[in-house]
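> Give me the fold of what follows.
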Amino acid sequence: MEGTFYSIIPALIMLLLVLLTRKVLLSLGIGILIGALFIHSFHPVQAIQEIWTVFYTIFISDGTWNIGNILLLSFLLLLGIVTAFLQASGGSEAFGEWMIRRVKTRTGAQVTTAALGVIIFIDDYFNSLAVGQIARPLTDRHRISRAKLAYFIDSTSAPVTVISPISSWGAYIIGILGGIFAANGISDYPPLEAFVKMIPYNLYALSALLLVFIVAYFKMDIGLMRKHEKRAVETGELLSPDKPDVPGDLTKTFSAHKSGKVYHLFIPILVLIVFTIVTMVITGAQASAAEGNVTILTIFANTNVNLSLFIGGVASVAIAYMFHMLQPSPKANTAKIVVEGIKTMLPAIYILLLAWMIGSIIGTLKTGEYLAQLVSGANMSPTLLPLLFFLIAGFMSLATGTSWGTFGIMLPIAAEVAVLTDVTLLLPALSAVLAGSVFGDHCTPISDTTILSSTGAGANHIDHVLTQLPYALLAAFASAIGYVVIGWTSQMFLGIIVALATIIAVALLHNFLTKTNTQS
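This is a model prediction of the structure:
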């Protein structure tokens, strides 16, 4: 069944179950079981062995520890511990009060959060978790739902990193482009120049970023987001009351220390940011030096993100613990703080582990390769190539849960097809792959970035997926129209204008209808 139509069935069943049951762990588990049965022709014993092997290799691969995965999981635990210390020390409450005196409206709080998501562009993991820690006290005080916060985090993290050459994503993509251009004899421009020229063609990233600020400023709450925001404003309930798998609300576990100061939150977060970025640069420079080529791009291409996050997390925990110990008594028990902090991260870790497992199962079934074959075998007008690659990359990322994996599979195919059909569409086609990959990433519950965004926001994971979906579909719709325009006219700016104008037109229509309904 590998590499055939049947290879997409486990992913489709999993996605359908998520939508129908809203139980992400159950849905992922069933998807993993069905996928394992498909791999082994429905032999139950072999399927169970496959599931164990997939779980085992998360931690041990080829006889050695899988350090990257272990470090990321450890960082999530450290982040939970830091969050607990920040709450117990009174830092979170003090920071929220400090910010609320400066950002006096819900609109200002939302715009500030969106701006933070754009500013922190080094890495999507780092963005998702750091922005959540910084913005959550502010958004909580202004009664902004955790689902809205998760949307702001997720819809700025990947879109901004995918168009930034100085980021882990940008460096990775530039490295792929170098190999593709060499393989296809493309010498018109070096990979970095090509990446920069591709930025305006990434219509989904541009549309998603524009939409985030429109949503923040014009209160454009659509679909389930309206329900979450209404409940938050009217009752102060930032989370769905019927979702037991939300990361724990530490405000109900610890009373904030009365002597808490702003720096009790600010300094641990600053330490997290500084130590993470410095370690990223150091590890990237060391790896680049071993290859004999140290540049800013090679540094970010070779950086060890998971190790950097772990070191930043350890340093942040140490500082937060020091502030806690310096607090006058009475204060919360340190062991209880650590345990409760770990407990807040367990739901996210469970989801991440199952997402990795189903990703491995889907990889064995060659779901991505099957979808890629559909593209290479499609007989379509060259003018529709950007749209085609946008849609296929979106569905592949949705089904497999990985943007980077989609990049690796689809970028070489897009380049080969464009060179053989219409080379002028090379950059639009390549950028459409990047755009589609991020779109699919925003729609799937098994994406690392989606999981970490809901974790950073302290939101229920499936609530985040379902509330973000209408916005992702709107940005994708606008992007699809733009790619059609680019394909037919070869005018990049016209495609950008049409895509962004579509977003603005829908926002104005929504605003008009909302006012009309309010008045009536």
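> tell me which element residue 134 falls in.
Using DSSP states H and E, residue 134 sits in helix 124-141.
> continuing past that helix, what's the next helix or strand?
helix 146-161.
> got the residue ranges for the strands in the chain?
60-61, 64-65 (DSSP state E).
> From the chain's centroid, how far away is the last one?
Put simply, strand 64-65 sits 27 Å off its chain's centre (CA atoms, centre = their mean, to the nearest Å).
> how near is the residue nearest to the spatial centre of the chain to residue 127?
Geometric centre of the chain, nearest residue: residue 449, 2.5 Å, by CA atoms, centre = their mean. Using CB to CB, to the nearest Å, residue 449 is found at 9 Å from residue 127. Any C-beta I mention is one placed from the backbone N, CA and C, and that applies to glycine too.
> which residues are in contact with both of those two?
Common neighbours of residue 449 and residue 127, using CB atoms under 8 Å, 6 or more residues apart in numbering, are residue 157.
> In the stretch 201-350 of the chain, where is pLDDT below threshold?
242-257 (pLDDT under 70).
> which residues in it form helices?
Taking DSSP state H, counting those that start in this stretch as the criterion, the stretch 201-350 of the chain contains helices spanning 203-218, 224-235, 263-291, 296-302, 305-326, 334-365.
> same deal with the stretch 401-520 of the chain?
For the stretch 401-520 of the chain, applying DSSP H, counting those that start in this stretch gives helices covering 403-421, 426-443, 448-457, 461-489, 492-519.
> Which one of these lies nearest to residue 323?
The closest of those to residue 323 is helix 448-457. By CB to CB, the value is 21.4 Å.
> now the angle between helix 146-161 and the closest one, please.
Taking axes from the mean of the first three to the mean of the last three CA atoms, to 10 degrees, one finds that helix 448-457 is oriented at 130 degrees with respect to helix 146-161.
> so how far is residue 219 from the residue nearest to the centre of the chain?
25 Å.
> How about residue 316?
34 Å.
> Likewise for residue 36?
45 Å.
> Looking at these two, which is more packed in?
residue 36 (27 against 15; other CB atoms under 10 Å).
> residue contacts, the more buried one?
47-48, 50-51, 54, 361.
> If any of those residues are buried, give me the PyMOL selection for them.
Remark: buried members of the contacts of residue 36, expressed as a PyMOL selection using 16 or more other CB atoms under 10 Å:
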select buried, resi 47+50+51+54+361
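> from the contacts of residue 36, which ones fall inside helices?
Using DSSP state H, the subset of the contacts of residue 36 located in helices is 47-48, 50-51, 54, 361.
> List just the nearest of those to residue 193.
Proximity of the ones in helices among the contacts of residue 36 to residue 193 (CB to CB) peaks at residue 361, which lies at 38.9 Å.
> mind checking how far that closest one is from residue 28?
According to CB to CB, residue 361 and residue 28 sit 10 Å apart.
> What of residue 239?
In this view, residue 239 and residue 28 are 21 Å apart by CB to CB.
> Of these two, which one has the most company?
Using other CB under 10 Å as the criterion, residue 239 and residue 28 rank with residue 28 on top: 23 against 20.
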